[in-house]
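Asker: here's my sequence, what's the structure:
(one chain, ligands or ions: 1)
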Amino acid sequence: MNITIRWSRVATKCNYCSEMVPKDTPILVWYVKWGRWGKRFYFHPECWVKDRVWHLGDTPKPIDSRGRPRITLTDEDRKSRKRLINQYNRLSKHVGSEYDLKLLEIEEKLVILGGIPKNWGVM
Ligand SMILES: [Zn+2]
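Answerer: Down below sits the predicted model:
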């Protein structure tokens, strides 16, 4: 996990609230690596905290104005989802085609259980 807060050089969309982080205001840049993949995510600094708290699983994600569907899961589904995400995080530290296959399987299960976490980006 690699996080920095700097001045935004261009207006950039926040990965949490989907609003723009205006140029010349503080922007949080989060570089996430999974195995061989890496991706940068951009947030309003305060949105990053909200995003992380949401990922604890107890805080409902706000519905944003653009109507991104909200995840509604039963407690049981939520537990399975959390388990899969943990499993994914564990496996993604390894490199090798057998792991890639398992990661894909987990992704497929997650699509049914509320979708791939937004912050995983496109993989
Ligand atoms: Zn934001």
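Asker: what's the spacing between stretch 87-95 and its chain's center?
Answerer: Computed by Cα atoms, centre = their mean, to the nearest Å, the chain-centroid distance of stretch 87-95 equals 15 Å.
Asker: for stretch 15-27, same thing?
Answerer: Distance, stretch centre to chain centre, for stretch 15-27: 16 Å (Cα atoms, centre = their mean).
Asker: span of it from start to end?
Answerer: By Cα to Cα, to the nearest Å, the extent of stretch 15-27 from end to end equals 11 Å.
Asker: near the ion at all, that stretch?
Answerer: Yes: part of stretch 15-27 sits near the ion under the criterion Cβ under 5 Å from the ion, namely Tyr16, Cys17. Where C-beta positions appear, they are placed from N, C-alpha and C, glycine not excepted.
Asker: how about that stretch: buried residues?
Answerer: Taking 16 or more other Cβ atoms under 10 Å as the neighbour-count basis, stretch 15-27 is seen to contain the buried residues Asn15, Tyr16, Cys17, Val21, Ile27.
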